[in-house]
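[1] Return atomic coordinates for the entry below.
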Amino acid sequence: CFSNRAMDEEVVLFGEVNWSSVLADKDGGKCYESFQSTLTQIMDMVAPKRLHRNRTSKSKPWITKSIKEKSATKRLLFEELCNGKILRDQYRQFLQGSK
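    Numbers count the residues shown, from 1 in each chain. This next block holds a predicted model:
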């Protein structure tokens, strides 16, 4: 979020730049690089980049690897049951057994 103070500071910094020296070169590419570098420096002063860290979820100490594996197995079986795959297979086996 950009505060009013940061915007005022940015305006002051842009006002202090000698733009004629930044854009003095005859080569358009060099002028653009100089302009971009000046702009980046000002933006880094006013709004520096923040480091965002991905926080890993801390599991409870009593949840062991075995419990996690069994929970994942239970979740997969439940999804298969919800999709009807287990029931459909059992019904097919029942029909084949009755022939």
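[2] For Trp62, which three-state class applies?
    coil (DSSP: H, G, I helix; E, B strand; the rest coil).
[3] Domain-wise, how is the protein divided?
    Domain ranges of the chain: 4-46, 65-98, per automatic domain parsing.
[4] Can you say which of those domains is packed in most?
    Counting by mean count of other CB atoms under 10 Å, domain 4-46 has the highest mean neighbour count of the domains of the chain, with a mean of 12. In this view, the C-beta of every residue, glycine as well, is placed from N, C-alpha and C.
[5] Centre of the chain to that one, how far?
    Centroid separation between domain 4-46 and its chain, computed with CA atoms, centre = their mean, to the nearest Å, is 29 Å.
[6] Ok, stretch 69-86 next?
    Distance, stretch centre to chain centre, for stretch 69-86: 30 Å (CA atoms, centre = their mean).
[7] what sits up against that stretch?
    Residues outside stretch 69-86 that contact it (CB atoms under 8 Å, 6 or more residues apart in numbering): Leu87.
[8] quick revisit: dump the domains of the chain to TSV, plus mean pLDDT and distance to Lys58.
    Formatted as TSV, those follow (pLDDT from 0 to 100; distance: least, CB to CB, whole Å):
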stretch	mean pLDDT	distance to Lys58
domain 4-46	83	34
domain 65-98	84	14
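[9] Serialize those domains to TSV and add fields for distance to Ser59.
    As requested, these are arranged in TSV below (distance: least, CB to CB, whole Å):
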stretch	distance to Ser59
domain 4-46	38
domain 65-98	8
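[10] and the gap between Trp62 and Glu69?
    Distance from Trp62 to Glu69, counting by CB to CB, to the nearest Å: 15 Å.
[11] Contacts only, for Asp27.
    For Asp27, the contact set (CB under 8 Å, 6+ apart) is empty.
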